[in-house]
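> here you go, sequence then predicted model.
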Amino acid sequence: MTLDEHRKMGRILQDIRNKLIAASVEVDQEYGKTKGLGMKLERAAKRIDRVRSQLDDRLFKEYPELETEDGCRYYY
């Protein structure tokens, strides 16, 4: 992936993650935590986090010259 593609993917994944977390809170408020519905959304967000982490690792392998501080902004 190009740096621009990494940047775009990072924004997309962060947006999806944030929406999943917001949805989990809303579902828990509406139906209660005992139903476990919000927890399922949180698990999906954690899977997104794992993909973000793996892509972050790939970014630094593909672009070793990238400064750590700059590179960390792509997926986090």
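All right, it came through fine.

> for the chain, which helix extends over the most residues?
Longest helix in the chain by number of residues (criterion: DSSP state H): helix 3-31.

> could I get the buried residue list for it?
By 16 or more other C-beta atoms under 10 Å, the buried positions in helix 3-31 come out as 6, 9-10, 13-14, 17, 20-21, 23-24, 27-28. All C-beta spots, glycine's among them, are computed from the backbone N, C-alpha and C.

> swap in stretch 46-66?
Those would be 48, 52, 55-56, 59, 63, for stretch 46-66 by 16+ other C-beta under 10 Å.

> export the buried residues of helix 3-31 to TSV and tack on distance to Gly71 and pLDDT?
Output for the buried residues of helix 3-31, formatted as TSV (distance: C-beta to C-beta, whole Å; pLDDT from 0 to 100):
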residue	distance to Gly71	pLDDT
His6	9	97
Met9	13	98
Gly10	10	97
Leu13	15	98
Gln14	15	97
Arg17	19	98
Leu20	24	98
Ile21	24	97
Ala23	29	97
Ser24	29	97
Val27	34	96
Asp28	34	95
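
> closest one of the residues you listed to Arg73?
For the buried residues of helix 3-31, the minimum distance to Arg73 (C-beta to C-beta) is 8.0 Å, reached by Gly10.

> the closest one and Tyr74 touch, don't they?
Yes - under the criterion of C-beta atoms under 8 Å, Gly10 makes contact with Tyr74 at 4.5 Å.

> just the buried positions in the helix-or-strand element of the chain with minimal mean pLDDT, please.
Least confident element among the helices and strands of the chain, by mean pLDDT, DSSP states H and E: helix 68-75 (a mean of 89). Buried positions in helix 68-75, judged by neighbour count with 16+ other C-beta under 10 Å: 71, 74-75.
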